[in-house]
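*Asks:* I would like the atomic coordinates for the input below:
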Amino acid sequence: MNLQEYMDIAPEVRQALYEGKPVVALESTIIFHGMPYPQNLECAARCEELIRAGGAVPATTAVVEGRIKVGLTHEDIDRMTERGHVLKMSRRDIARVVSGKEDGATTVASAVIIAELAGIPVFATGGIGGVHRGVQESFDISADLPQIAQSNVCVVCAGAKSILDIGFTLEYLETWGVPVLGYRTDEFPAFYTRKSGYAVDCRMESAEEIAQMLRAKWDLGLRGGVLVGCPVPERYAMDEAPINAAIEKALAEAKAQRIHGKESTPFILSKVLEATGGASLETNIQLVQNNCRTAAEIAAAYCALL
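*Replies:* Numbers count the residues shown, from 1 in each chain. Coordinates of the predicted model:
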């Protein structure tokens with residue numbers, strides 16, 4: 001496979017990978033679909049700054065006019081924004097977006113694919129997709145889960161959004177052999193809140209512990225990813241009762257309007273933002289940035305073992 005036919009790796013990222021230095025992959029849906037302007041651009045820039053401060057090189061992923069980009073430039077973002085339509089791109093969409101020379105913003109699933117293709121073992125995001133509530137009727141399971149199970153990438157996140165069925169999400173991950181680690185927590189975080197009521201498989205106290213597990217897993221030929229649940233810092237966490245009430249209301253509205261699939265999450269998050277008077281956006285920003293700090297530490301610790 002000739003990746004150069006499809007993929008452009010930014011010079012800084014390429015050099016870091018060649019020299020065995022730490023790199024952290026990032027998604028781009030947060031820029032084009034996840035947050036309002038200008039917080040989207042501010043948060044994306046701050047995430048890259050924090051990764052650099054942690055001793056790693058950031059590599060934001062996307063598809064720009066059919067070219068897979070590993071390391072977006074400001075010019076790439078500006079051009080995509082000016083053209084207007086940027087597809088929220090999951091696994092099923094990558095080949096179409098590339099062959100059609102379109103623009104695509106990466107979700108967790110597509111970013112994990114690109115990270116593995118580029119040889120980047122650590123990826124940071126806000127929260128993963130998962131098993132949706134009412135799955136018994138809808139069969140709605142995010143492509144994030146099977147992709148994490150398939151790819152040798154460590155995914156650092158603030159858990160799964162509480163709009164999902166977190167219990168079923170963790171059951172799915174267990175079935176497919178994905179270790180779910182808690183970074184200094186015994187409980188899997190629920191995005192806006194630090195607790196979900198569900199235990200992680202194993203608590204880890206340091207990036208070095210996580211890195212040692214990653215090396216052992218992949219050295220043993222145990223293919224697939226590792227999920228690290230990193231709770232939002234306590235001072236930015238939301239109270240469970242009001243956020244859960246806002247989510248329940250948003251879910252009911254989505255059902256009434258027959259909104260489902262990949263359109264459901266942005267719809268529900270916008271309703272939660274409205275219901276919380278904007279407070280949920282600040283929590284979102286802080287948890288993403290915290291995940292980037294942690295991912296940089298893990299990437300640096302992992303590279304030190306190689």
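*Asks:* Helices along this protein, start to end?
*Replies:* 11-18, 29, 39-53, 74-83, 94-99, 108-118, 135-138, 144-150, 166-175, 207-219, 240-256, 264-275, 279-305 (DSSP state H).
*Asks:* Now render those helices as a markdown table, adding mean pLDDT.
*Replies:* Listed next are the helices of the chain as a markdown table, based on pLDDT from 0 to 100:
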| stretch | mean pLDDT |
| --- | --- |
| helix 11-18 | 98 |
| helix 29 | 94 |
| helix 39-53 | 96 |
| helix 74-83 | 88 |
| helix 94-99 | 98 |
| helix 108-118 | 98 |
| helix 135-138 | 86 |
| helix 144-150 | 98 |
| helix 166-175 | 98 |
| helix 207-219 | 98 |
| helix 240-256 | 86 |
| helix 264-275 | 81 |
| helix 279-305 | 96 |
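*Asks:* For Thr193, find the nearest of the ones you listed.
*Replies:* Nearest to Thr193, of all these, is helix 240-256, at 5.1 Å by CB to CB. No exception for glycine: its C-beta is placed from N, CA and C like everyone else's.
*Asks:* helices or strands next to that closest one in the packing?
*Replies:* Counting contacts by 3 or more CB pairs under 8 Å, 6 or more residues apart in numbering; DSSP states H and E, helix 240-256 packs against helix 264-275.
*Asks:* any residues touching the helix it packs on, and which ones?
*Replies:* 33-34, 88, 129, 132, 140, 161, 163, 192, 243, 245-247, 249-251, 253-254, 257, 259, 280-281, 284 (CB atoms under 8 Å, 6 or more residues apart in numbering).
*Asks:* orientation of it relative to helix 279-305 in degrees?
*Replies:* Helix 264-275 and helix 279-305 are oriented at 130 degrees to each other (axes from the mean of the first three to the mean of the last three CA atoms, to 10 degrees).
*Asks:* got the buried residues for helix 264-275?
*Replies:* Buried residues in helix 264-275, counted by 16 or more other CB atoms under 10 Å: Ser264, Thr265, Phe267, Ile268, Leu269, Lys271, Val272, Leu273, Ala275.
*Asks:* same question, stretch 75-92
*Replies:* The neighbour-count check on stretch 75-92 (16+ other CB under 10 Å) flags Asp76, Ile77, Met80, Val86, Leu87, Lys88, Met89, Ser90, Arg91 as buried.
*Asks:* Over to stretch 274-281?
*Replies:* Ala275, Thr276, Ala279, Ser280, Leu281.
*Asks:* before we move on, what about stretch 127-146?
*Replies:* 127-133, 135, 140-146.
*Asks:* Can you show me the CA trace of that stretch as PDB?
*Replies:* The C-alpha trace of stretch 127-146 is given here as PDB (Å, rounded to 0.1, in the frame of the first residue of the first chain):
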ATOM      1  CA  GLY A 127     -15.600  11.700  24.700                       C
ATOM      2  CA  ILE A 128     -16.100   8.500  22.700                       C
ATOM      3  CA  GLY A 129     -19.300   7.500  20.900                       C
ATOM      4  CA  GLY A 130     -21.000   4.300  22.200                       C
ATOM      5  CA  VAL A 131     -24.100   2.300  22.500                       C
ATOM      6  CA  HIS A 132     -27.100   4.600  22.300                       C
ATOM      7  CA  ARG A 133     -30.100   4.300  24.700                       C
ATOM      8  CA  GLY A 134     -32.800   2.200  23.300                       C
ATOM      9  CA  VAL A 135     -30.300   0.100  21.300                       C
ATOM     10  CA  GLN A 136     -32.700  -2.900  21.600                       C
ATOM     11  CA  GLU A 137     -34.900  -1.100  19.000                       C
ATOM     12  CA  SER A 138     -32.500   1.100  17.100                       C
ATOM     13  CA  PHE A 139     -29.300  -1.100  17.000                       C
ATOM     14  CA  ASP A 140     -27.500   2.300  17.100                       C
ATOM     15  CA  ILE A 141     -23.900   1.600  18.100                       C
ATOM     16  CA  SER A 142     -21.200   4.100  17.300                       C
ATOM     17  CA  ALA A 143     -18.500   3.100  14.800                       C
ATOM     18  CA  ASP A 144     -16.000   4.400  17.400                       C
ATOM     19  CA  LEU A 145     -16.300   1.200  19.500                       C
ATOM     20  CA  PRO A 146     -15.500  -1.500  16.800                       C
END
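*Asks:* Alright, calling it a day.
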